[in-house]
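[1] fold the following and give me the result.
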Amino acid sequence: MSQTVVKNISLLVTNNPTLGKTELGLIENAALLIENGKISWVGAGESAPSAEKTIDAQGKAVIPGFVDSHNHLIFAKDRAGEFSARMKGQAYSAGGIATTVAATRSASDDDLLANATHLVHEGLHSGTTTVEIKSGYGLTTIDELRSLKIAKQLTDETTFLGAHVVPSEYKGKADEYVELICEQMIAQVKPYAKWIDVFCDKGAFTTEQARKILLAGKAAGLRPRLHANQLEQGDGIALGVEVGVASVDHISHFNNGDIELLKKSKTVATFLPAAEFSTRSNYPDARRILEAGVTVALASDCNPGSSYTTNMPFVIALAVRDMFFTPEQAIWSATKGGALALQRDDVGHLSVGSRADFVILKESSYIHLAYRPGVNLIGQVWQHGKRI
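    Residues are numbered from 1 along each chain as shown. Down below sits the predicted model:
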């Protein structure tokens, strides 16, 4: 049995309040034991058991690996020109997705896999140990299927997003495209998808169309999640709660009624502040949702159009600076919150039985992730009990 003890941890974030102080379950001068890719012991360093191998954290903080629960990594080419135009004053709209759809349809499987692999590894080296990947840049049955086959090679958290936007060949015939998704696509992609998602917003799908797609996906055994209220206030949050989605994502616009619905549900509210950064949109003030006790996640939304980053420390810094998260709320939301958005109990925390996915920082406190934005503070990344 392989055993590794990590000692001399200045501050350990367990996200298990029964193990330490606050909701983060903080333990000072801590240690943890890894056996066969899982955490088998957590506690004070002075009580650490012996092991075959010892890792010295050198007085630095240790946090759970980030759980990035919202990403669009199966695509070809970037949209740097579109970004530049936005920075010169052009407004963001969902229409730019069509550019990526055309490029992705023309790309080979090898090229799509290589690009997605690069992005997963990029995120891993900045601390992301669990990643969700959506389709959504194919928008034909064959292209959505191959996108999910590629995504499945990189993660178990695969999401069918055939309802990203209405493709150009169905312009003016959105309901026909919805029928294609419900009657053909879902059955084809089911073996390669865990989740089903819909972009329910201006320029994408209506509440009624989104409801039909999500219910068809649920009937086929796919778990629902939802893009909603990114571009304007709408009924997306209410729909998500109604359908029982695991997470309703973006929610840049929300009202008091939305907060009450989320508060009474098990649906996670996932914020994607890098999208506001990249589109020069107003950041939502998350305080009312956080103060209401809604479960909140943070994710990167990596995609070539509106949030081309895999860096969760950057997302944390944005959430703290511009969305009024405390550092504690941000670190929890980027780890345990992301795990709950994926309905996972084996990641996002460091407790006995959890996966040994963790990050040794270069600083003695997690606060530095927001305090020192833009600085690489990732010292070591461990995934499944192995250092990458």
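[2] quick one: the helices in the stretch 251-388 of the chain?
    Secondary structure of the stretch 251-388 of the chain by DSSP state H, counting those that start in this stretch: the helices cover 256-263, 273-279, 287-291, 312-322, 327-332, 338-341, 368-371.
[3] and for the stretch 1-150 of the chain?
    80-87, 97-106, 109-125, 141-152.
[4] quick one: which of those helices is nearest residue 292?
    Residue 292 lies closest to helix 109-125 among the helices of the stretch 1-150 of the chain, at 30.1 Å (C-beta to C-beta). Yep, even glycine has a C-beta here, placed from its N, CA and C like the rest.
[5] okay, the angle between the closest one and helix 312-322?
    Between helix 109-125 and helix 312-322, the angle comes out at 60 degrees (axes from the mean of the first three to the mean of the last three C-alpha atoms, to 10 degrees).
[6] C-alpha coordinates for helix 109-125, CSV please?
    Provided in CSV are the C-alpha atoms of helix 109-125 (Å, rounded to 0.1, in the frame of the first residue of the first chain):
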residue,chain,number,x,y,z
ASP,A,109,-10.6,15.2,-34.5
ASP,A,110,-6.9,15.2,-33.9
ASP,A,111,-6.7,19.0,-33.9
LEU,A,112,-9.7,19.3,-31.6
LEU,A,113,-8.3,16.8,-29.2
ALA,A,114,-4.9,18.5,-29.2
ASN,A,115,-6.3,21.9,-28.5
ALA,A,116,-8.6,20.6,-25.7
THR,A,117,-5.7,18.6,-24.2
HIS,A,118,-3.5,21.7,-24.1
LEU,A,119,-6.2,23.7,-22.3
VAL,A,120,-6.9,21.0,-19.7
HIS,A,121,-3.2,20.8,-19.0
GLU,A,122,-3.0,24.6,-18.8
GLY,A,123,-5.7,24.6,-16.2
LEU,A,124,-4.1,21.7,-14.3
HIS,A,125,-0.9,23.6,-13.9
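[7] that helix packs against which elements?
    strand 128-134, helix 141-152, strand 378-383 (3 or more C-beta pairs under 8 Å, 6 or more residues apart in numbering; DSSP states H and E).
[8] what's near enough to touch the closest residue in space to residue 303 that isn't next to it in sequence?
    Distances taken as C-beta to C-beta, 6 or more residues apart in numbering place residue 72 nearest to residue 303, at 3.8 Å, with adjacent residues excluded. Contacts for residue 72 were tallied using C-beta atoms under 8 Å, 6 or more residues apart in numbering; they are 133, 134, 136, 137, 161, 301, 302, 303, 304.
[9] now do residue 338
    Taking C-beta under 8 Å, 6+ apart as the test, what residue 338 contacts is 66, 67, 68, 69, 130, 270, 297, 298, 299, 348.
[10] try residue 137
    Shown in contact with residue 137 (C-beta under 8 Å, 6+ apart): 72, 74, 75, 76, 97, 100, 101, 103, 104, 143, 147, 164.
[11] quick one: which of the residues you listed is nearest to residue 83?
    Of all the contacts of residue 137, residue 100 has the smallest distance to residue 83: 12.7 Å, by C-beta to C-beta.
[12] thought that closest one was touching residue 308?
    No. Taking contacts as C-beta atoms under 8 Å, residue 100 lies outside contact range of residue 308: 11.1 Å.
[13] which of these two has more neighbours?
    Neighbour comparison, residue 100 and residue 308: the larger count goes to residue 100, with 22 against 17 (by other C-beta atoms under 10 Å).
[14] now do that one, the pLDDT please.
    What the model reports as pLDDT for residue 100 is 96.
[15] mind listing what's buried along stretch 369-388?
    Judged by neighbour count using 16 or more other C-beta atoms under 10 Å, the buried positions of stretch 369-388 are 369, 370, 377, 378, 379, 380, 381, 382, 383, 385.
[16] can you put these in JSON lines and add distance to residue 31?
    What follows is the buried residues of stretch 369-388, written out as JSON lines (distance: C-beta to C-beta, whole Å):
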{"residue": "369", "distance to residue 31": "22"}
{"residue": "370", "distance to residue 31": "26"}
{"residue": "377", "distance to residue 31": "21"}
{"residue": "378", "distance to residue 31": "20"}
{"residue": "379", "distance to residue 31": "16"}
{"residue": "380", "distance to residue 31": "15"}
{"residue": "381", "distance to residue 31": "18"}
{"residue": "382", "distance to residue 31": "14"}
{"residue": "383", "distance to residue 31": "19"}
{"residue": "385", "distance to residue 31": "15"}
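[17] returning to what we had before: most surrounded residue in the contacts of residue 137?
    Per-residue neighbour counts (other C-beta under 10 Å) across the contacts of residue 137 peak at residue 147, which has 32 neighbours.
[18] how near is it to residue 212?
    Here residue 147 is placed at a distance of 22 Å from residue 212 (C-beta to C-beta, to the nearest Å).
[19] residue 332 now?
    As judged by C-beta to C-beta, residue 332 and residue 212 stand 35 Å apart.
[20] so which of those two has more stuff around it?
    Comparing residue 332 with residue 212 by other C-beta under 10 Å, the one with more neighbours is residue 332, at 27 against 19.
[21] can you pull the contacts of the spatially closest residue to residue 5 that is not a sequence neighbour?
    Leaving aside its chain neighbours, residue 5 sits nearest to residue 51 (4.0 Å; criterion: C-beta to C-beta, 6+ apart). The contact partners of residue 51, by C-beta under 8 Å, 6+ apart, come to 3, 4, 5, 33.
[22] isn't the third one right next to residue 54, touching?
    This means residue 5. Yes. With contact defined as C-beta under 8 Å, residue 5 and residue 54 form a contacting pair (5.4 Å).
[23] circling back: tell me the least confident of the contacts of residue 51?
    Ranked by pLDDT, the contacts of residue 51 bottom out at residue 3 (95).
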